[in-house]
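In: coords please:
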Amino acid sequence: MTGRTQSREENVRLLGLFVDRVPERRYEVLSREFFPGGFVQRHLLHGKTATGEKLELHACLVVHFAGDRIERLFEYLDSAAVRSVFP
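Out: Just a heads-up that it's a prediction; the model follows:
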């Protein structure tokens, strides 16, 4: 856990790098629980890297809404799987 907040621009840039390195992706939603003002979702990202390696990345999102917009999003990832994509 970095404990650091990422700006929208930083997040978009990181997602772009991820898409470049993992061009084949499929998300499998494992669970989604709603609470007033948001939800928690666990999912498994299945993918294949640009070099052909298979990837399975467990992730969890906690999403808070303000009206119809995302106000805050927390994302937790399996760090070992992330290191295989960003060594």
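In: helix or strand right after the biggest helix by length in the chain?
Out: Of all segments of type helix in the chain, defined using DSSP state H, the longest is helix 8-21. Going down the chain from helix 8-21, the next helix or strand is strand 24-35, by DSSP states H and E.
In: ok, back up a step: what about the longest helix of the chain, average pLDDT?
Out: Averaging pLDDT along helix 8-21 gives 83.
In: how long is stretch 20-27 end to end?
Out: This stretch, stretch 20-27, spans 17 Å end to end (CA to CA, to the nearest Å).
In: could you pull out the buried residues of that stretch?
Out: 21-22 (16 or more other CB atoms under 10 Å). The C-beta positions use only the backbone N, C-alpha and C, and glycine is treated the same way.
In: one more: stretch 56-75?
Out: So stretch 56-75, judged by 16+ other CB under 10 Å, has buried residues 57, 59, 61, 63.
In: quick one: least confident helix or strand in this protein?
Out: Ranked by mean pLDDT, DSSP states H and E, the weakest helix or strand in the chain is helix 79-85, scoring a mean of 68.
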